[in-house]
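Asker: here you go, sequence then predicted model.
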Amino acid sequence: MLQVGLMGGTFDPIHYGHLLAAESAREQLGLDEVWFVPSHHPPLKPHAPQASGEQRLEMVFRAIDFQPHFRAMPIELEREGTSFTIDTVAALREQYPEREFAVIIGADRVNDLAQWHRIEELARGVSFIALRRPGVELDCASLPAYLRERLRICDMPQMGVSSTEIRERCAAGRSIRFLVPDKVRQFILRNGLYGA
Ligand SMILES: Nc1ncnc2c1ncn2[C@@H]1O[C@H](COP(=O)(O)OP(=O)(O)OP(=O)(O)O)[C@@H](O)[C@H]1O
Ligand SMILES: O=C(O)c1ccc[n+]([C@@H]2O[C@H](COP(=O)([O-])O)[C@@H](O)[C@H]2O)c1
């Protein structure tokens, strides 16, 4: 079975924290590939994405560029509605029966994992790979046992960058160089995203 990590996110915009998380998981857990899955409507975010789905997908394409192990998967943008991971995994397992999926998440998402839609069912079909994030406590002890058993923690050089910070920097006319790949930065500037 080929091992695939699913790196879901709002990617508004994608940044080096996402890319380093994906690469760290791929390398340490021996994944064959990581698929980047931009959400249409992220279930637990308090606000809708600022950039359109099309723009966020284009930034993902530009960020992963020609990396041989990375792939963009617009399945949630095509499905529309709320982007529940259980629906994505069900569709992907049907479409790719010869692959085994692991869901890659940062510490903030680990802490609300028990609240995800149909989480017990989701946990029967996938494992989870967790990455620490500066400023966010990774609280695995308070997860139910069935989730703790399915979750592996992976190390990564800690990066405090967030999409919120990138958007705020754009709005303030500040530099986002070296926080996002240059092709993403150029796309943001050319399209005046986030007030840039
Ligand atoms: N710097 C980072 N280090 C580790 N994981 C990260 C980092 N940034 C994001 N992630 C993880 O990547 C996934 C997608 O994140 P998302 O697209 O919401 O980015 P974000 O930076 O958290 O966005 P926002 O600031 O808009 O909330 C989540 O699982 C999140 O925890
Ligand atoms: O399925 C759920 O209930 C669920 C709840 C919260 C987050 N997710 C997924 O987790 C990924 C990261 O979410 P976010 O909000 O940090 O961009 C993204 O793929 C979301 O669809 C999924």
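Answerer: That came through fine. Ligands and ions are numbered 1, 2, ... in the order given.
Asker: check what pLDDT Leu179 gets.
Answerer: Confidence at Leu179, expressed as pLDDT, is 98.
Asker: any idea what the one residue in the chain that gets nearest to ligand 2 is bridged to?
Answerer: Closest approach between the chain and ligand 2, counting by Cβ to the nearest ligand atom: Gly8, at 2.0 Å. Quick note: C-beta positions are derived from backbone N, CA and C, even for glycine. Following DSSP bridges, Gly8 is listed with bridge partners Val37.
Asker: look up how far ligand 1 lies from it.
Answerer: 7 Å (Cβ to the nearest ligand atom, to the nearest Å).
Asker: OK, contacts around that residue?
Answerer: The neighbours of Gly8, taking Cβ atoms under 8 Å, 6 or more residues apart in numbering as the test, are Val37, Pro38, Ser39, Glu76, Ser83, Thr85, Thr88, Val103, Ile104, Ile105.
Asker: let's see 7 Å
Answerer: By Cβ atoms under 7 Å, 6 or more residues apart in numbering, the contact list for Gly8 reads Val37, Ser39, Thr85, Val103.
Asker: could you dump those into a markdown table with secondary structure, neighbour count and distance to ligand 1 added?
Answerer: Below are these laid out as a markdown table (DSSP: H, G, I helix; E, B strand; the rest coil; neighbours: other Cβ atoms under 10 Å; distance: Cβ to the nearest ligand atom, whole Å):
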| residue | secondary structure | neighbour count | distance to ligand 1 |
| --- | --- | --- | --- |
| Val37 | strand | 25 | 10 |
| Ser39 | coil | 22 | 8 |
| Thr85 | helix | 24 | 11 |
| Val103 | strand | 25 | 9 |
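Asker: okay if I get those residues as JSON lines plus pLDDT and distance to Gly173?
Answerer: Below are the contacts of Gly8 laid out as JSON lines (pLDDT from 0 to 100; distance: Cβ to Cβ, whole Å):
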{"residue": "Val37", "pLDDT": "98", "distance to Gly173": "32"}
{"residue": "Ser39", "pLDDT": "98", "distance to Gly173": "28"}
{"residue": "Thr85", "pLDDT": "98", "distance to Gly173": "36"}
{"residue": "Val103", "pLDDT": "98", "distance to Gly173": "36"}
